[in-house]
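K.L.:
Dropping a prediction and its sequence here:
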Amino acid sequence: MKYYVNVTAYYVLLGNSRFHYSEKHVLWNPSTRREMYIECPYAYNEAYKLNYGICYDRLTDDFKVVLVIDDRYAIYSCKNNSWSEKKLGIKYYGFFTGIFVDGATYWVLRDDKHTIQIVYFDPRTDELKGLQKPEQLNSDCNSGLTISVACLRENMCLYSVSGEGDDDMLRFRIWRKEKGIGAGGNPNWEELLTFEIRKPRDWWLGVLCFVENKILIRLDEKTFVYYSPTEKTFEEIDGNEAHNLYSTYCSELVRYRNSLYFPVQAETRSIS
C-alpha cells in the first residue's frame, strides 16, 4: 500500500492510489505501530480524482478522514466509527493531499471554471468552505504559476512559484495566514519571504517545513535543499539523506521532524 496523504500529530493516512478514488484506507500511528482499517461505503467511480485529508476535532476529541470527490465529500469519524456524505454546490478538481494545521485541513484546488481556490474542512461543523487568497494572487490567469499550501512552524502558509518559459530561475513567494480556523473565509495574509533559485531540469516543487531556522524545499523528484532566510543561501541535501526523504510512490513528504521520517543531521553542500 502506498501512502499519499498528510498527517496530524498522531496519524498517517494510507491508501492504494494517490490520484484516483480508493475505497480502502488505513490510519496508522507511527509511534505505537498500530493501524486501523476503514472502507468507504459510497459507490464512487474509480476514475474520479480524489483529494484526501485527515483532521483532528479538538471539541469532540475525534479524528476525521475527509475524501473530496467531484461535487461531494465523505467524512469518516474515528470516534463514532461512521461515515457521512455531503453535497457541494460546486465541483472541485485536483488530486492533492490536504495539510492539517491550526485546527483545519486545507487544499489548493480548481473549480469548474478552472479558477484556483483554497478550500478548507472545518471539523467543528463538518463543512467544506472556501478561503480568500492573498490579493496578489487573485489574478491567477498566469499558467506558469504554481500555488500550494504548507505548514511552517504550525502556521498555515501559502506559496506560489513562477518560472515558465526560457527563464532559468524559479521565484518563490510565501504568505502566512492569520491564526484561526478559516478566519471567517477572508483572512489576513502576511507575506513572509520572496526568493529565487536556479531552475532544475524537471522541477517538482514543494515548500515542506522549517528545520531549525531553515526551510526545507523539494526541487525535483530527488533533490531537496535548505533555504536560510537570514543568510539568503541554499544548501543541497546530499546522498542517502535526500534519498530517505523521498519514496518513489510518494509525492507528499510527511512532516515529522527528528522522528521516524526526518533526519536529525542531514549532510549538505552549498549551491548557488
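P.N.:
Sure thing, it's come through.
K.L.:
In the stretch 51-200 of the chain, mark out all the helices, start to finish.
P.N.:
Applying DSSP state H, counting those that start in this stretch to the stretch 51-200 of the chain gives no helices.
K.L.:
Give me the below-cutoff pLDDT ranges for the stretch 1-150 of the chain.
P.N.:
1-10, 15-22, 45-48, 95, 139-144 (pLDDT under 70).
K.L.:
Okay, strands next: where are they in it?
P.N.:
2-7, 12-15, 24-29, 34-39, 50-57, 62-69, 72-77, 82-87, 92-93, 99-101, 104-111, 116-122, 127-131, 145-152 (DSSP state E, counting those that start in this stretch).
K.L.:
Deepest in the core, which of those is it.
P.N.:
Comparing the strands of the stretch 1-150 of the chain by mean neighbour count (mean count of other CB atoms under 10 Å), strand 99-101 comes out on top with a mean of 25. (Glycine included, C-beta is placed from N, CA and C.)
K.L.:
strands paired with that one, and their directions?
P.N.:
Paired neighbours of strand 99-101 in the sheet (DSSP bridges): strand 104-111 (antiparallel).
K.L.:
what stretches of the stretch 151-272 of the chain score poorly on pLDDT?
P.N.:
Ranges of the stretch 151-272 of the chain meeting pLDDT under 70: 164-167, 201-204, 221, 239-272.
K.L.:
Apply 80 and report the result again.
P.N.:
Regions of the stretch 151-272 of the chain meeting the criterion pLDDT under 80 cover residues 163-167, 182-185, 199-206, 208, 220-222, 238-272.
K.L.:
just the strands in it please.
P.N.:
Counting by DSSP E, counting those that start in this stretch, the strands of the stretch 151-272 of the chain are 155-162, 169-177, 189-198, 206-211, 214-218, 224-228, 233-237, 268-271.
K.L.:
Nearest to residue 64, out of those strands?
P.N.:
Among the strands of the stretch 151-272 of the chain, the nearest to residue 64 by CB to CB is strand 155-162 (17.6 Å).
K.L.:
Export the closest one to PDB, keeping only CA atoms.
P.N.:
Output of strand 155-162 as PDB, limited to C-alpha atoms (Å, rounded to 0.1, in the frame of the first residue of the first chain):
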ATOM      1  CA  ASN A 155       1.200  28.200  10.700                       C
ATOM      2  CA  MET A 156      -1.000  27.700   7.600                       C
ATOM      3  CA  CYS A 157       1.100  29.200   4.700                       C
ATOM      4  CA  LEU A 158       0.500  29.600   1.000                       C
ATOM      5  CA  TYR A 159       3.300  29.700  -1.500                       C
ATOM      6  CA  SER A 160       3.500  30.500  -5.200                       C
ATOM      7  CA  VAL A 161       6.200  29.500  -7.700                       C
ATOM      8  CA  SER A 162       6.700  31.100 -11.100                       C
END
